[in-house]
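Student: Whatever this is, show me its structure:
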Amino acid sequence: MTSQAQAGSPLPGVRGLAFLGFPLHPAKRPSDERAMHLFDVHVPMLFLQGTRDQLADMELLVSVTQRLGEGASLHLFQEADHSFHVPARSGRKDADVRGEMLDIFVEWTLKVTSGGPAGRGDRVRD
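Tutor: Sure, this is the predicted structure:
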């Protein structure tokens, strides 16, 4: 909802938007329609997304973030679902994923608040 408000009219003091599991579409109904308003957002955007998220087809999400340009950063968490839970077979624990997410968020936030290029070079990382 914040991204829709930002797209409609820039919100005072908002310097960037971070999405923890962007709900691109309903489960099992791939579409990128929910992302169309993002093209009217003119602040850096960070997308933290699990590769097993049923609410975001990876191919569609990668395409959207690429089309958004250098102001959009996408970081993928292998084997994580929408809640960033990872199965035991992944060899990781949920706490590991949360720690990595926090590190990436802090790094991105520091870039955004310092006026640095928050999106450049970070198009898709995993």
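Student: Please count neighbours and contacts with C-alpha atoms only from this point.
Tutor: Will do.
Student: Report the secondary structure state of the residue with the largest distance to the centre of the chain.
Tutor: Relative to the mean C-alpha coordinate of the chain, counting by CA atoms, centre = their mean, the farthest residue is residue 89 (24.5 Å). With DSSP: H, G, I helix; E, B strand; the rest coil as the basis, residue 89 sits in helix.
Student: how near is it to residue 72?
Tutor: Distance, residue 89 to residue 72, using CA to CA, to the nearest Å: 31 Å.
Student: One more: residue 19?
Tutor: Looking at residue 19 against residue 72, where the rule is CA to CA, the gap reads 11 Å.
Student: Same check on residue 37?
Tutor: Summarising the geometry, the distance separating residue 37 from residue 72, computed by CA to CA, is 14 Å.
Student: between the two, which one's more packed in?
Tutor: Ranked by neighbour count (other CA atoms under 10 Å), residue 37 and residue 72 place residue 72 first, with 27 against 14.
Student: Would you check that that one makes contact with residue 45?
Tutor: Yes. The criterion here is CA atoms under 8 Å, and residue 72 meets it with residue 45 at 4.7 Å.
Student: which parts of the top helix by length along the chain are buried?
Tutor: When every helix of the chain is counted residue by residue (DSSP state H), the longest turns out to be helix 94-114. Taking 16 or more other CA atoms under 10 Å as the neighbour-count basis, helix 94-114 is seen to contain the buried residues 97, 101, 105, 108-109, 112.
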